[in-house]
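Engineer: Fold the following, please.
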Amino acid sequence: MKIAVVTSNPHKAAEIVAFFGPAFQLDHVSIEIPEYRHDDVGEIARKKAEHAFGIVKRPLLVDDTAFSVDALKGFPGPYAAYVLATIGNEGILKLLEGIPNRKAHFETAVAYATADGVEVFRGRIDGIIVQPRGTGGFGYDPIFETNGVTLSEISLAEKNRISHRSQALTMVKKWLESRD
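Structural biologist: As a prediction, this is how the structure comes out:
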C-alpha cells in the first residue's frame, strides 16, 4: 500500500519517509491545507487529514504540533508557528520573566486517513523553558530543555529518537504493522 505524506515542508516529508524505511511505500504530496483552529492538535490533525483525503483519495499521513507552556495556560499551544514568527523565543522568555514555573511540553498528533476514516496518534515530550543554549535545531529548540539538555544541544539523530513526532510516528508504524 502506498501512503502519501501530506505536508508543504519537504524536510518534514523526507524525515517521515526515512523514519518508516523501505518496508513502507511513502511519498511526499504537497498540497495547501487550510489552517484549522482548535485547542487540541489531535482535532487539527484530524481535520487536515479529512481535507487532504478528499483531494488525494488514498491513504495518507498529516501532522500538527503544539508547544505549550504551563505558566502561560498552555500558550502558544497549536499556534506555536505563528507565535514563533511574531514574538519568537525572546517573546516567550519575556512573558515568563519573574515566573518560577517553567514547565512546558511539545505534543504532535499524526493522523492517518483512509476511506474508512481517520486514526490519530499522539506523542509528547516534557521539559522546561530555559535561556537559549546550543547551536542545532530550530524553532523553540534552544529554549526547551529535557533531561538536562536543550533540543539544540543534541544531535538530530538523538532529537529524532526522543521527539514528540517520533513517538507519534512509532505508534502509527506499530499500528500499521499490526494490521498486516
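
Engineer: elements contacting the helix or strand where Ala81 lies?
Structural biologist: Ala81 is part of helix 80-86, with elements assigned from DSSP states H and E. Under the contact criterion of 3 or more Cβ pairs under 8 Å, 6 or more residues apart in numbering; DSSP states H and E, helix 80-86 touches strand 60-69, strand 76-77. All C-beta atoms are positioned from the backbone trio N, CA, C, and that covers glycine.

Engineer: Excluding residues flanking it in the chain, which one is nearest Arg58?
Structural biologist: Sequence neighbours aside, Ala4 is the residue nearest to Arg58 in space, at 6.1 Å (criterion: Cβ to Cβ, 6 or more residues apart in numbering).

Engineer: what's near enough to touch that neighbour?
Structural biologist: The contact partners of Ala4, taken as Cβ atoms under 8 Å, 6 or more residues apart in numbering, are Leu26, Asp27, His28, Val29, Ala52, Val56, Arg58, Pro59, Leu60, Leu61.

Engineer: just the helices in this protein please.
Structural biologist: 10-20, 41-56, 80-86, 88-95, 156-162, 164-179 (DSSP state H).

Engineer: coming back round to it: closest to Leu96 among the contacts of Ala4?
Structural biologist: Leu96 lies nearest to Leu61 out of the contacts of Ala4, by Cβ to Cβ, at 33.8 Å.

Engineer: Write down the beta-bridge partners of the closest one, one by one.
Structural biologist: Residues in a beta bridge with Leu61, per DSSP bridges, are Val5, Tyr112.

Engineer: Verify the stated contact: Tyr36 with Lys48.
Structural biologist: Yes - under the criterion of Cβ atoms under 8 Å, Tyr36 makes contact with Lys48 at 6.3 Å.

Engineer: Comparing those two, which shows the higher neighbour count?
Structural biologist: Lys48 (24 against 16; other Cβ atoms under 10 Å).

Engineer: what pLDDT does that one get?
Structural biologist: Note on Lys48: pLDDT of 96.

Engineer: what about the residue nearest to it when sequence neighbours are not counted, how many neighbours?
Structural biologist: In this structure, Lys48 finds its nearest non-sequential neighbour in Val62, 4.5 Å apart by Cβ to Cβ, 6+ apart. Neighbours of Val62 under the rule other Cβ under 10 Å: 27.

Engineer: for the helices of the chain, which one ends up most surrounded?
Structural biologist: Neighbour counts (mean count of other Cβ atoms under 10 Å) averaged over each of the helices of the chain peak at helix 41-56, with a mean of 20.
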